[in-house]
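**Q** Whatever this is, show me its structure:
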Amino acid sequence: MEGESGFIAAMRALAHHPAARGLADDAAVLELGAEALVLTHDMMVEGVHFLPDQDMADVAWKLVASNVSDLAAKGAEPIGGLLGHMLGADDEGFASGLADALEHYGMPLLGGDTVGGGSPRAFGLTAIGRAMHRPVPSRSGARPGDGLFVTGALGAAMIGFETLRDGGAGDSTAYRRPLARLAEGQALAPLATAMMDISDGLLLDAWRMAGASGVALAIEGGSVPLAAPEERRLDALRWGDDYELLFTLPEGVEPPVAATRIGRAEPLGFAPLFLDGEAIVNAEGLGWQHR
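**A** Numbering: from 1, shown residues only. Just a heads-up that it's a prediction; the model follows:
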């Protein structure tokens, strides 16, 4: 097997339970009678997901927000989290940022595990949510003719990262302390035919949604709202960490939240993704992928 996609493909052979959704979604959905639990787990690694000298309070906040963002894409309400923590410098700062984030999202800490280790440090969080609408949205429901929408503007995390890395005077908040779109996800859940959060870049995540749904997604690049300079438009479409919601709605249905239409779903032909009419037939370079 090779890289992230190869490993996930191998794991699909082990993910037999329907709750796993074939490992082709943002989270697992475990049906329990009249309720459905939404389960997700994300990790953060020093030097990969955060800078080695970054404030640990911000690292803890982002760990929580990135997981809660997956719950948002399911229209779920957070009900608890389990933390995996590697001890090291400024554990006090991490604990402070964790407390702030958990309070912000109303998500109590339920337990977890603590280990020792060296550098680079790694942290994980399992977020548990309750679905607020059934069926629970997935990546796989987009249909030809649906409109394609995005909440917010893209590129703020990219600019924030560069500011933080280079020691600039700009605002790095969007990278350090992103905000999950919980309220928007819950409002969209009864209407969206497909929904996911943008964690690895708009183009790559749209590629994944198209593949899961068996459609082609045609994006109008100029319609995508930016929080970055115009000359960085393509970079912003490929950069991750924005944690906005990407979703499809049936034609004629307007989003009940602030969002921008950026394209449409079309019947699948020879390519799953089009950007300004140009076919994209390979996911390489579309966004963040682990090697």
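**Q** For the protein, which segments count as strands?
**A** Here the chain has its strands, by DSSP state E, at 28-32, 35-45, 76-86, 109-115, 122-131, 147-151, 194-197, 215-219, 245-249, 259-267, 273-275, 278-280.
**Q** strands paired with the fourth one, and their directions?
**A** This points to strand 109-115. Strand 109-115 has the following sheet partners, assigned by DSSP bridges: strand 76-86 (parallel).
**Q** can you list contacts of the partner strand?
**A** 27, 38, 43, 64, 67-68, 71, 91, 94, 98, 102, 105-117, 121-132, 136, 182, 185-186 (CB atoms under 8 Å, 6 or more residues apart in numbering). Where C-beta positions appear, they are placed from N, C-alpha and C, glycine not excepted.
**Q** Stretch 273-290 too?
**A** Outside stretch 273-290, the residues that touch it by CB under 8 Å, 6+ apart are 3-5, 48, 200-207, 210, 216-222, 237-240, 266, 270-272.
**Q** which intervals of the protein have sub-threshold pLDDT?
**A** Within the chain, the ranges that satisfy pLDDT under 70 run 1-4, 15, 20, 22-23, 288-291.
**Q** Outline the domain layout of it.
**A** Domain ranges of the chain: 3-131, 147-280, per automatic domain parsing.
**Q** which of these sits most buried?
**A** Neighbour counts (mean count of other CB atoms under 10 Å) averaged over each of the domains of the chain peak at domain 147-280, with a mean of 20.
**Q** Between its first and last residues, how far does that domain reach?
**A** Taking CA to CA, to the nearest Å as the measure, domain 147-280 stretches 19 Å from start to finish.
**Q** ditto for stretch 235-254
**A** 28 Å.
**Q** ok, longest helix in this structure?
**A** Secondary structure of the chain read by DSSP state H shows that its longest helix is helix 56-72.
**Q** quick one: that helix to strand 35-45, angle?
**A** Inter-element angle recorded for helix 56-72 and strand 35-45: 150 degrees (by axes from the mean of the first three to the mean of the last three CA atoms, to 10 degrees).
**Q** Just list what helix 56-72 packs against, helices and strands only.
**A** With contacts defined as 3 or more CB pairs under 8 Å, 6 or more residues apart in numbering; DSSP states H and E, the packing partners of helix 56-72 are strand 35-45, strand 76-86, helix 91-105, strand 122-131, helix 173-176, helix 182-188, strand 194-197.
**Q** Just tell me which of those ends up closest to Phe161.
**A** Of all those, it is helix 173-176 that lies closest to Phe161, at 4.4 Å by CB to CB.
**Q** what's the closest one in contact with?
**A** 54-55, 58, 61-62, 156-161, 163-164, 227, 241-242.
**Q** can you do 6 Å?
**A** With CB atoms under 6 Å, 6 or more residues apart in numbering as the test, helix 173-176 has contacts from Asp58, Ala156, Ala157, Gly160, Phe161.
**Q** The residues you listed in helices, which ones?
**A** Within the contacts of helix 173-176, residues falling in helices by DSSP H are Asp58, Ala156, Ala157, Gly160, Phe161.
**Q** tell me the two of the residues you listed that are most distant?
**A** Asp58 and Ala156 (14.9 Å).
**Q** and which of the ones in helices among the contacts of helix 173-176 is nearest to Pro178?
**A** Nearest to Pro178 among those is Ala157, at 6.5 Å by CB to CB.
**Q** mind putting the contacts of helix 173-176 in a markdown table, distance to Ile280 included?
**A** Below are the contacts of helix 173-176 laid out as a markdown table (distance: CB to CB, whole Å):
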| residue | distance to Ile280 |
| --- | --- |
| Asp58 | 34 |
| Ala156 | 24 |
| Ala157 | 22 |
| Gly160 | 27 |
| Phe161 | 24 |
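**Q** quick one: which of the residues you listed is nearest to Ala142?
**A** Nearest member of the contacts of helix 173-176 to Ala142, counting by CB to CB, is Ala157, at 24.7 Å.
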